[in-house]
Each structure stands twice: as structure tokens, then as C-alpha cells.
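[1] Got a sequence here, can you build the structure:
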Amino acid sequence: MIIAAMWGFERRLAHGVMSAAVVATVMALTGCSGTPRPVGDPDPGHRRLKAIQPVLSVVPPGAHVTQKDNVEPQWDSCDGIRSTYGWNDATVDVYFTGGGSELQVAAHIQTAMRRLGWTFDQGSIAQGSWTWHKKLADGSQAEAQLLGPGDPPDWSLQATAPPATHPSKGC
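    Reported below is the predicted structural model:
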């Protein structure tokens with residue numbers, strides 16, 4: 001009885017292993033083998049995130065901060081296709097209300113960003129935002145963007161730094 005039960009278990013186990021092998025083979029042949037393993041270190045020593053974090057401090061006096069985020073690079077794909085997986089940007093965001101008129105907020109942030117070593121992109125105003133760039137220690141370029149005001153007068157300021165290796169593609 002025990003031998004028969006064990007033989008049945010072994011047969012089911014062998015069938016299960018064979019089924020798993022067939023599924024894995026089909027998935028590999030069709031390109032549906034899931035998320036690839038992360039490759040490399042996107043932010044060695046957290047230097048990229050640390051380089052953009054000071055942007056969180058440029059909120060004008062009198063403004064009310066509603067949210068602050070520090071986001072390490074994540075292994076991701078914008079479209080779910082295996083070949084486009086990679087690291088997305090290190091990102092900091094600050095959302096706030098108030099702080100003065102549109103011109104006062106923009107002038108305050110522009111002055112503060114200049115003090116932090118960011119260069120203003122004059123052409124960005126025509127596109128309805130304010131954009132700055134900063135060269136990082138390794139030569140890559142970070143970007144910051146101020147959007148607003150909304151209704152109510154909400155503002156968002158986001159800075160991003162590209163990953164040190166294997167950026168995601170297809171976004």
C-alpha cells in the first residue's frame with residue numbers, strides 16, 4: 001500500500017516536473033519568461049539621489065508642503081516587454097500650495113536652484129513649465145521641472161537623475 005502510494009506520488013511529481021519544464025520551454029520560446037533579473041547598481045552609494053535631494057529644500061517661504069518623495073531607481077519596464085527592462089531614474093518630488101504669485105514662486109525657485117548649481121532652460125517657459133539641468137559628478141545630467149500653478153494653486157517640483165547603468169528602454 002505504501003509502495004503503491006509512493007509510486008503514485010512519484011508519478012505525479014514526475015508529471016509535474018515535466019509539465020513545469022514544458023511551460024518554461026514554451027515561455028522561453030515565446031519571450032514570455034517574466035521579469036528579467038536586475039543588472040548592475042543604478043545608484044552606487046546613493047550618490048545620484050543625494051545629488052538631487054537638495055531640490056526638496058527650495059520651496060518658497062509661506063508655502064504649504066503637501067507631499068515629499070525620495071525614490072530610488074527601480075527595475076522596471078514601461079511597456080512590459082522583456083527587452084526594455086532596466087533601471088528608471090532616481091527621483092525626488094515636492095508638492096506644495098501657496099508661496100506667492102506665479103511670478104514670485106518661479107523667481108524664488110529659480111534663485112534657489114541657481115544657488116544649488118542648476119542651470120535654467122530658458123526655452124522651457126514657452127512650454128508651460130520651468131526646467132533646470134545639472135551636471136552630476138560622473139558627467140551625466142540631472143533634470144528638474146517645476147509645474148503649476150494648478151487650480152487650486154498647487155505646484156510640483158520634481159528632479160530626476162538617470163541610472164548609472166542599464167536604463168529602461170521604450171518609455
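
[2] Tell me the predicted confidence for Ala164.
    Looking at Ala164, its pLDDT reads 95.

[3] List the residues that contact it.
    Residues near Ala164 by Cβ atoms under 8 Å, 6 or more residues apart in numbering: 40-44, 48, 138, 140. For every residue, glycine as well, the C-beta is placed using N, CA and C.

[4] Please repeat the previous calculation with a cut-off of 10 Å.
    Contacts for Ala164 (Cβ atoms under 10 Å, 6 or more residues apart in numbering) come out as 40-45, 47-48, 73, 87, 90, 136, 138, 140.

[5] Pipe those residues into a markdown table and attach neighbour count, distance to Ala159 and pLDDT per row.
    Converted to a markdown table, those look like this (neighbours: other Cβ atoms under 10 Å; distance: Cβ to Cβ, whole Å; pLDDT from 0 to 100):
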| residue | neighbour count | distance to Ala159 | pLDDT |
| --- | --- | --- | --- |
| Gly40 | 12 | 22 | 93 |
| Asp41 | 13 | 20 | 95 |
| Pro42 | 24 | 16 | 95 |
| Asp43 | 20 | 14 | 95 |
| Pro44 | 11 | 19 | 94 |
| Gly45 | 9 | 18 | 94 |
| Arg47 | 14 | 14 | 95 |
| Arg48 | 26 | 10 | 97 |
| Pro73 | 26 | 13 | 96 |
| Trp87 | 23 | 17 | 95 |
| Ala90 | 27 | 9 | 97 |
| Leu136 | 15 | 11 | 95 |
| Asp138 | 12 | 16 | 92 |
| Ser140 | 14 | 13 | 95 |
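
[6] shaky segments in the chain?
    Applying pLDDT under 70 to the chain picks out residues 1-33, 126-127, 171.

[7] Tell me where it has helices.
    2-30, 47-52, 102-115 (DSSP state H).

[8] those strands in the protein, which residues are they?
    64-71, 75-76, 86-87, 90-97, 119-121, 130-135, 141-147, 154-161 (DSSP state E).

[9] between the ones you listed, which gets nearest to Lys169?
    Lys169 lies closest to strand 86-87 among these, at 6.1 Å (Cβ to Cβ).

[10] Give me the helices and strands touching that closest one, please.
    The contact analysis (3 or more Cβ pairs under 10 Å, 6 or more residues apart in numbering; DSSP states H and E) places strand 86-87 against strand 75-76.
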